[in-house]
Every structure is written in structure tokens, then in C-alpha cells.
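Visitor: 3D model of this:
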Amino acid sequence: MKNFLSMIGNYLLYLAVMIVVILIYNVLVNPLLGWGQFGTGENIAVQMFLVLAATIGLSAIVYKIKYRVLKQTPESFWGIFGFSKISLGSFIYMIILGLAFTLLNAAVMKWLLLHNITSLNNFTESYYNSVSFTTLIVSSVITTALELIVFIGIMFNEAKKNVHIFWPILCIALIIAVIQAPGGIWRQLLGVALGLVYGFIYVRSSS
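Guide: Residues are numbered from 1 along each chain as shown. Okay, the predicted model is just below:
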């Protein structure tokens, strides 16, 4: 029970960090840029990049404070991400699984858009029409990397200690689903699938 409470506590801690960053964006940054509240309006892809990058920076500070309060000596913050060389087999596995999920995501999105779901249509139109194609592609690649660092490198790696790996993977999938709320329930369901993909790729590759 203690291990599960520790896992939940770690997730709540870093979720709180992300929420604080989003609030700072909404209260301080948005009035200056005029893009709209986080997840809405213009330049949503760039909004996500800014929030994720700031979340990593603030998490580094919180990480140090946390272990100072606990009077423990942790590994370096950057060390918990688990960056390491991966095998050819793991690389191929990642590519195949990534392409499979991309095709699944595209097929589901096309099917849903054909059914004219208002919340999804509005979010998709705002997301893809608010930035240039080049910015969208570059930011998507970088944002995906930052997502992996935040959700897997920080949240997941801090929470998975001393519990069966299934539970922290399930929790991270649910967290990603919550973050997808601006896109509606269908985006959230895809978020669950994405979280499971992230988790199992990490477990398979250990990197």
C-alpha cells in the first residue's frame, strides 16, 4: 500500500508542476502573445512546446527540493530520463510500433471527422490551421520528444519504483488522456492508447 501511495504521490507532484506551468502560461504569457488559453486559439503546437519545456525546467527544481526534504541523495535529474544506446532490435520494434500507431491514429481521426463530432472538429481545425506546415512538423517532432521526457522520463520513472510496472503505465496513460481533454472524449481515448504505447516501448527498450 505504501508503494502505491508513493507512486500516486509522485504522479500528483509532477502533475501539479504541469498545472502550475499551464496557469502561468494562461495568466502571464497569453496576455502578452494573445494566442488564447492553453489548448485553444492559435499556435496550439507551439503552446504545447512552451508548456512542456517549462515543465521540464520547473520539474528539475522540484526534484531537488523533493529529495532535500526527504533527506535523500538521488541520482542527477537528467540521469533519471534513462537515455541510453538502444539495440537494433529495439529500434526496429519502436519504428514498427510507432508507424502502426500513427496509421491507427490517422484512420480513427478520419473516421471520427467524417462523423462531424463538433469538439474534435473544432480542436483539429484550431490545431492544424494555426501554424505553418513546417512549424507543425518540426514542433510535432520536438514536442513528442518533450512529451516522452515529461511523461516517461520524469513522471513514469519517479513513480515506477517498487510497484508492478503495469500500474505506472496505466496511470501515465490516464494522465495523457486527461491532457487531451481540449480535443474531446475521442482524443482522450486515443491519449490512453498513446500512453500505453509510450510505456511499453520504454519497458521494451529501457531507453
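Visitor: now the helices for the chain?
Guide: Taking DSSP state H as the test, the helices found in the chain are 2-24, 30-33, 44-69, 88-114, 118-129, 133-147, 157-159, 166-179, 185-205.
Visitor: out of the ones you listed, which is the most enclosed?
Guide: helix 157-159 (a mean of 21; mean count of other C-beta atoms under 10 Å). C-beta coordinates here come from the backbone N, C-alpha and C atoms, glycine included.
Visitor: so how far is that helix off the chain centroid?
Guide: 14 Å (C-alpha atoms, centre = their mean, to the nearest Å).
Visitor: which strands and helices sit next to that helix?
Guide: helix 2-24, helix 166-179 (3 or more C-beta pairs under 8 Å, 6 or more residues apart in numbering; DSSP states H and E).
Visitor: contact partners for Ser90?
Guide: Counting by C-beta atoms under 8 Å, 6 or more residues apart in numbering, Ser90 touches 204-205, 207.
Visitor: looking at the helices of the chain, which is nearest to Gly82?
Guide: helix 157-159 (6.3 Å; C-beta to C-beta).
Visitor: quick check: mean pLDDT across stretch 100-120?
Guide: Mean pLDDT, computed over stretch 100-120, is 73.
Visitor: for Ile80, find the nearest of the helices of the chain.
Guide: Of all those, helix 157-159 comes closest under C-beta to C-beta, at 5.0 Å.
Visitor: residues making contact with the closest one?
Guide: 6-8, 10-11, 13-14, 63, 80-82, 168, 171-172.
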